[in-house]
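Visitor: This is a predicted model, with the sequence first.
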Amino acid sequence: MVNATQFPEQPAVLCPRCQKPMMRGAAKPIMFTNGLSDVPYSCEACGTVATRTLNRDGTPHTAVKAG
């Protein structure tokens, strides 16, 4: 299992709805991927929940387009 200490400190994620900082949840590894994890973020002010996909080193995952 991946825990929050495995990821370096990331800049604050702002809520897309109210622009307040969001709280980070526990990272969950994504099965059948090479080191990707889903990290949930929740806003205590308005209740919005968002998930970001991060690489094992904590950097944001960027999709590569074929072609």
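Guide: Structure received.
Visitor: Just give the number of residues close to the nearest residue in space to residue 55 that is not next to it in sequence.
Guide: Spatial nearest neighbour of residue 55, excluding adjacent residues (C-beta to C-beta, 6 or more residues apart in numbering): residue 61 at 5.5 Å. Heads up, the C-betas are built off the backbone N, CA and C, glycines and all. Number of residues near residue 61 (other C-beta atoms under 10 Å) recorded here: 16.
Visitor: Double-check residue 61 against residue 51; I have them as touching.
Guide: No. Between residue 61 and residue 51 there is no contact under C-beta atoms under 8 Å: 11.5 Å.
Visitor: any idea how far residue 45 lies from residue 21?
Guide: 9 Å (C-beta to C-beta, to the nearest Å).
Visitor: Overlap in contacts, the two.
Guide: Shared contacts of residue 45 and residue 21, defined by C-beta atoms under 8 Å, 6 or more residues apart in numbering, are found at residue 15.
Visitor: in stretch 50-63, what's buried?
Guide: Under the neighbour-count criterion of 16 or more other C-beta atoms under 10 Å, stretch 50-63 has 52, 54, 56, 61 buried.
Visitor: out of those, which one sits closest to residue 31?
Guide: Distance to residue 31 across the buried residues of stretch 50-63 (C-beta to C-beta) is lowest for residue 56, with 14.0 Å.
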